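Trainee: The following comprises the amino acid sequence and a computationally predicted model.
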Amino acid sequence: MKAIWKGRVIAESDDTVVVEGNHYFPENAVDKSLLTSSDTTTFCGWKGHCSYYSVVVDGEENKDAAWYYADPYPRAEQIRDRIAFWKGVEIVEE
């Protein structure tokens, strides 16, 4: 699977975990040079506290387009150390 925005591959892995229709990529499969930390946080009743990254490609920012659970609840342990994408980031199978 690949995560692509503005023609750039942000993440690529054969080992994604799908939760609620979203592919969570291993953190080490993500090009972190394309991510900037965000102050945005949310909460999910069964996954826990969620943090975000913005994706930046060629100077253009896609705010909060990536998210992760640093310390997921036990029921969501499979997404620990993984990052998912939305907001126009294409997830494609290759």
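Mentor: That came in fine, so what should we check first? Numbers count the residues shown, from 1 in each chain.

Trainee: just the strands in this protein please.
Mentor: 2-5, 8-12, 17-19, 22-26, 35-44, 48-57, 60-68, 82-85, 90-92 (DSSP state E).

Trainee: And the third one, what's buried?
Mentor: By neighbour count on 16 or more other CB atoms under 10 Å, the buried set for strand 17-19 is V17, V19. Any C-beta I mention is one placed from the backbone N, CA and C, and that applies to glycine too.

Trainee: That one - what's its average pLDDT?
Mentor: Regarding strand 17-19, the rounded mean pLDDT is 97.

Trainee: gap between stretch 62-77 and the chain center?
Mentor: Relative to the chain's own centre, stretch 62-77 is displaced by 8 Å; criterion: CA atoms, centre = their mean, to the nearest Å.

Trainee: With stretch 3-19 instead?
Mentor: Per CA atoms, centre = their mean, the centroid offset for stretch 3-19 relative to its chain is 8 Å.

Trainee: From start to finish, how long is that stretch in a straight line?
Mentor: Criterion CA to CA, to the nearest Å; first-to-last residue distance in stretch 3-19 is 16 Å.

Trainee: need the contact list for the residue nearest the centre of the chain.
Mentor: When CA atoms, centre = their mean is applied to the chain, the residue found nearest the centroid is A84 (2.4 Å). Counting by CB atoms under 8 Å, 6 or more residues apart in numbering, A84 touches V19, N22, H23, Y24, F25, A66, W67, Y68.

Trainee: What is the burial count for the fifth one?
Mentor: Right, F25. Counted with other CB atoms under 10 Å, residues neighbouring F25 total 24.

Trainee: Repeat that for the fourth one.
Mentor: For Y24, the tally of surrounding residues (other CB under 10 Å) stands at 25.
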